[in-house]
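1. Could you work out the structure for the sequence below:
(chains A and B)
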Amino acid sequence: MPTVIVLAVIAVCAALAIRRLRTRRRKGCGDCGSCPYRDGGCH
Amino acid sequence: MSDNEMTIGFIGNPNCGKTTLFNAYTGANLKVANWPGVTVEKVEGVMRDHDMTIHLVDLPGTYSLTSYTMEEMVSRQFILSGEVDVIINVVDASALERSLYLTLQLLELGRPVVMALNMMDIVEKRGMEIDLHRLPEMLGIPVIPVSARQRRGLDILLHAAIHHRGHEAPDRLIHEHRHASRHQHDHDEYAMVYSDVIEDKIDQLIPALMLRYPDMTNFRWHAIKLLEGDREITEKYPVDMPQVLDRSYESDIINQKYDFIGEIIDEVLLHKEQQDMLTERADRLLTSKVWGIPVFLGIMAVTFFLTFTVGDWLKGYLEIAIGWLSDGVTAALAAADAGDVVTSLVVDGIIGGVGTIVTFLPNILILFLCLALLEDSGYMARVAYVMEGIMSKLGLSGKAFIPMLLGFGCTVPAIMASRALESKRDRFKVMLVTPFMSCNARLTIYILFSEMFFPDNAMVVAYSMYLIGIVVAIAVSAVIHVIDRKNTANYLMIELPEYKLPDGRTVAIYVWEKVKDYLEKAGTTIFLATLIIWALLNFGPGGYCSDMSDSFGAVLGRLLVPFFEPIGLGFWQIAVALIAGISAKEVVVSSCAVLFGIVNASSAEGMSAFAAALESIGFGQFNAFCLMVFCLLYIPCAAALGTIRKEANSWGWMWFTAFFQLTTAWLVTFAVYQIGSAILF
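-> Numbering: from 1, shown residues only, chains lettered A, B, ... in the order given. The predicted structure follows:
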């Protein structure tokens, strides 16, 4: 059971990370870590 | 747009404090920098005031509104589109003479303009005075003194802008030009009145434009643009009047604008001759032909010294925290009987990979703090100026060094900053060499490997990587210049700002953004890459494997070993880490941590365990140096590649850049390894 819970937590975290990256990519963001723009888009 | 909504556009010369003013209103965290090209496209923010929703638009910094560069086009098209209700022309009061050229162009666009006279504190400090009564009389617009940095005059400026909405005709103009003109009556309508020859031509062109383009909104401006031979307007609104448009009157129009600016300056600027002695004295050394570059290298060395010493001191505390976390989680998982696979995934994989990257945060923070202080004090603009000589010898403009300087932070905005170059050819050249400048992600690799293998000279080794990056970028530019002999006159138009004490808020915003993004990257890209690497290294054709050398990762790595062998990196573990590093360069470090099962890789114990593990496979000091050189130069990270594709609008160019970088990295590391091996062994 603990194994399943830990794996489920990791899976949720991974899904959230993927979603975050995809949102930024859709906005046109290069995910560079140095974005000068407020809205997170690289323009 | 409804009555309770309005749009205000901020426009001004580069470095006039426009973005600081925009940030002060919107609370935005836009990057402020002392060089052109930071705001390459318009950026919007929203605020509420006077029961209105006010849309604020930060336009690119520009010296004029011709149609030659992208910044100028973006600004001009936006203002002409009618989307903007009021324009706030942000003017650096300490450089009034230069700033007024853009102001005169804005006035001709026929939209309501309010002038924000920024940096009055510098004017006062220099002992100069600006006649704030006379200036509006001569320009016909409200002039509001503000200090964006000290947040003074902001409410008054906004109030003036709101009340000036829809106010297209100038306020009362009280001025007689020095030259006698038949068009004196025009002073009631326009601040800028040209010589009789040009005004006569404008008078002839306006009726023709009215007849042919009745929907046109500003006939006078279009007539002036036709006389200037403006490329865009001439193509869009051709007029068949060869007797009027007998030649380009661009230089006449520019000269007459400057004559009028001269009149304004004579009347409104008092004690103009006083100079800022500190800036002048400092520039004698910092921009000197002999000392400029050595001083720059010295300042970068001090930056490194602080990054390593102060950064490592702070890093110690994070390492302790990661150590506790790892011990706590291991104990908790053991108590919960979670099993070996899950424990390995969480402790060796996630904490080992992501945790290691997080411990480098203090070093990154110190590096960016130094860069922010250098930038905001006005020094970085001098570096671009000092490097212009070298760049022009390479067939590139001094402007080309600006993206390269930004590359010390991150390659992505650096590539975007290449938009400031007018010539497409130059842009592509700069995009090709900018990734050689060592970004902050690569710093984590240098810190780890230099401290592990060169404990006594870690700082010097890491610093040498930055120098190698600059040298390779310059050498590659030189080779391209020899192949492609075409020079473009792309002069550096950079204003050397007054030296000033860095603004705490601007520096804090800059550093906070970097720290936030670094952590976000650790939580997204690096976290996912670590999971994949862990899976690749713990599963093989036979399922879960306790020995990594049976894993899929090992199989893939061994296939690549022959490619890496001649450059001193013929280890399957290193090959896997380098491939993973394309997602983000820090992943080279996190992958190594996962590969060797080191949880707290940057701590003293972690490093000695790490070094011992690497030495056990035959990876020594010299291999570590080769690894750093290869990481410095090889394929840029996925984000940088994506930006290159977007900026060049070409998949082909992106693949070419990746291939080019890889080849260069391989050849340089090959030379280092082979020559080094011949000397050392």
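
2. Skip the chain neighbours and tell me the closest residue to B:Q105.
-> B:L65 (4.5 Å; CB to CB, 6 or more residues apart in numbering or on different chains). Where C-beta positions appear, they are placed from N, C-alpha and C, glycine not excepted.

3. How about the contacts made by that neighbour?
-> B:E72, B:S75, B:R76, B:I79, B:L102, B:Q105, B:L106, B:L109 (CB atoms under 8 Å, 6 or more residues apart in numbering or on different chains).

4. Quick check: what element follows the longest helix seen in chain B along the chain?
-> Longest helix in chain B by number of residues (criterion: DSSP state H): helix B:292-335. Once helix B:292-335 ends, the next helix or strand along the chain (criterion: DSSP states H and E) is helix B:340-343.

5. now for the helix or strand hosting B:R427, which elements pack on it?
-> Assigned by DSSP H and E, B:R427 falls within helix B:424-433. Counting contacts by 3 or more CB pairs under 8 Å, 6 or more residues apart in numbering or on different chains; DSSP states H and E, helix B:424-433 packs against helix B:401-406, helix B:458-483, helix B:638-648, helix B:651-680.

6. Spell out the secondary structure type for B:P214.
-> coil (DSSP: H, G, I helix; E, B strand; the rest coil).

7. Count the residues that sit near it.
-> Residues lying near B:P214 (other CB atoms under 10 Å in any protein chain shown) number 7.

8. which phi and psi does it have?
-> phi -60, psi -20 (degrees, to the nearest 10).

9. For B:K225, give its distance to chain A.
-> For B:K225, the distance to chain A equals 27 Å [CB to the nearest CB, to the nearest Å].

10. ah, wrong one, I meant B:T19
-> 9 Å.

11. likewise B:D200?
-> Distance, B:D200 to chain A, by CB to the nearest CB: 44 Å.

12. Could you look up the SS state of that residue?
-> Strictly by three-state DSSP, B:D200 counts as helix.

13. how about the residues of the stretch 251-400 of chain B that lie near chain A?
-> By the rule CB under 8 Å from any CB of the partner chain, the part of the stretch 251-400 of chain B lying against chain A is B:L333, B:A336, B:D337, B:A338, B:G339, B:V341, B:V342, B:L345, B:V346, B:I350.

14. PyMOL command for the buried members of those?
-> Buried members of those can be picked out in PyMOL with the line below, counting by 16 or more other CB atoms under 10 Å in any protein chain shown:
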select buried, chain B and resi 333+338+342+345+346+350
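
15. What are the buried residues along stretch B:497-511?
-> Result for stretch B:497-511 [16+ other CB under 10 Å]: buried residues B:P497, B:E498, B:Y499, B:K500, B:P502, B:D503, B:T506, B:V507, B:I509, B:Y510, B:V511.

16. The fourth one falls within a helix, correct?
-> No - the assignment for B:K500 by three-state DSSP gives coil, which leaves it out of any helix.

17. residues contacting B:K424?
-> With contacts taken as CB under 8 Å, 6+ apart, B:K424 has no neighbouring residues.

18. picking that back up, out of the helices and strands packed on helix B:424-433, which is closest to chain A?
-> When the helices and strands packed on helix B:424-433 are compared by CB to the nearest CB, helix B:638-648 sits nearest chain A, at 4.2 Å.

19. need the strands for the stretch 101-250 of chain B, in chain order.
-> B:113-118, B:129-130, B:143-145 (DSSP state E, counting those that start in this stretch).

20. can you tell me which of the ones you listed comes nearest to B:G323?
-> Counting by CB to CB, B:G323 lies closest to strand B:113-118 out of the strands of the stretch 101-250 of chain B; the figure is 49.6 Å.

21. just to revisit the earlier point, now whichever helix or strand comes after the helix holding B:R427: mean pLDDT?
-> Later in the chain than helix B:424-433, the nearest helix or strand by DSSP H and E is helix B:440-453. For helix B:440-453, mean pLDDT rounds to 90.

22. Would you mind listing where the chain has pLDDT under the threshold?
-> Picking chain A for this. A:1-2, A:24-43 (pLDDT under 70).

23. Chain B is the one I meant
-> Ranges of chain B meeting pLDDT under 70: B:1-3, B:27-43, B:67-71, B:168-189, B:272-278, B:397-399, B:420-422, B:485-496, B:681.

24. quick revisit: what's the closest of the strands of the stretch 101-250 of chain B to B:F308?
-> strand B:113-118 (38.0 Å).

25. what's the angle between the helix or strand hosting A:R19 and helix B:292-335?
-> Using DSSP H and E, A:R19 sits within helix A:2-26. Calculated by axes from the mean of the first three to the mean of the last three CA atoms, to 10 degrees, helix A:2-26 forms an angle of 150 degrees with helix B:292-335.

26. Please identify the buried residues of helix A:2-26?
-> For helix A:2-26, by 16+ other CB under 10 Å, it's A:T3, A:V6, A:I10, A:C13, A:A17, A:L21, A:R24.

27. go on, stretch B:466-477?
-> Buried residues in stretch B:466-477, counted by 16+ other CB under 10 Å: B:Y466, B:I468, B:G469, B:I470, B:V472, B:A473, B:I474, B:V476, B:S477.

28. chain center to that stretch: distance?
-> The chain centroid and the centroid of stretch B:466-477 are separated by 19 Å under CA atoms, centre = their mean, to the nearest Å.

29. what residues does that stretch touch?
-> So stretch B:466-477 is contacted by B:297, B:300, B:304, B:390-391, B:394-396, B:400, B:404, B:408, B:429, B:432-434, B:436-438, B:629, B:632-633, B:664, B:668 (CB under 8 Å, 6+ apart).

30. Could you rerun that using 7 Å?
-> Contacting residues not belonging to stretch B:466-477 are listed as B:300, B:390, B:394, B:396, B:404, B:429, B:433, B:436-438, B:629, B:632-633, B:664, B:668 [CB atoms under 7 Å, 6 or more residues apart in numbering or on different chains].

31. Going by neighbour count, which of those residues comes out on top?
-> Neighbour max across these (other CB under 10 Å) = B:L396, 29 neighbours.

32. element containing it?
-> Short version, using DSSP H and E: B:L396 is in no helix or strand.

33. Spit out the contact partners of it.
-> So B:L396 contacts B:D426, B:K429, B:S477 (CB under 7 Å, 6+ apart).

34. rewinding a little: in the helix holding B:R427, which residues are buried?
-> Applying 16+ other CB under 10 Å to helix B:424-433 flags B:R425, B:D426, B:R427, B:F428, B:K429, B:V430, B:M431, B:L432, B:V433 as buried.

35. before we move on, what about stretch B:596-614?
-> For stretch B:596-614, burial by neighbour count (16+ other CB under 10 Å) applies to B:596-603, B:606-607, B:609-611, B:613-614.

36. And these, which is closest to chain A?
-> Once CB to the nearest CB is applied, the member of the buried residues of stretch B:596-614 that ends up nearest chain A is B:V599, at 16.7 Å.

37. The closest one contacts B:I351, correct?
-> Yes - with contact taken as CB atoms under 7 Å, B:V599 and B:I351 are classed as touching, separated by 5.8 Å.

38. hey, what's in contact with both of those two?
-> Joint contacts of B:V599 and B:I351 (CB under 7 Å, 6+ apart) are B:S326.

39. wait, what's in contact with B:G557?
-> Contacts for B:G557 (CB under 7 Å, 6+ apart) come out as B:W572, B:Q573, B:A575, B:V576.

40. Now the buried members of those residues.
-> Buried subset of the contacts of B:G557 (neighbour count, 16+ other CB under 10 Å): B:W572, B:Q573, B:A575, B:V576.

41. What about B:G389, how many residues nearby?
-> 12.
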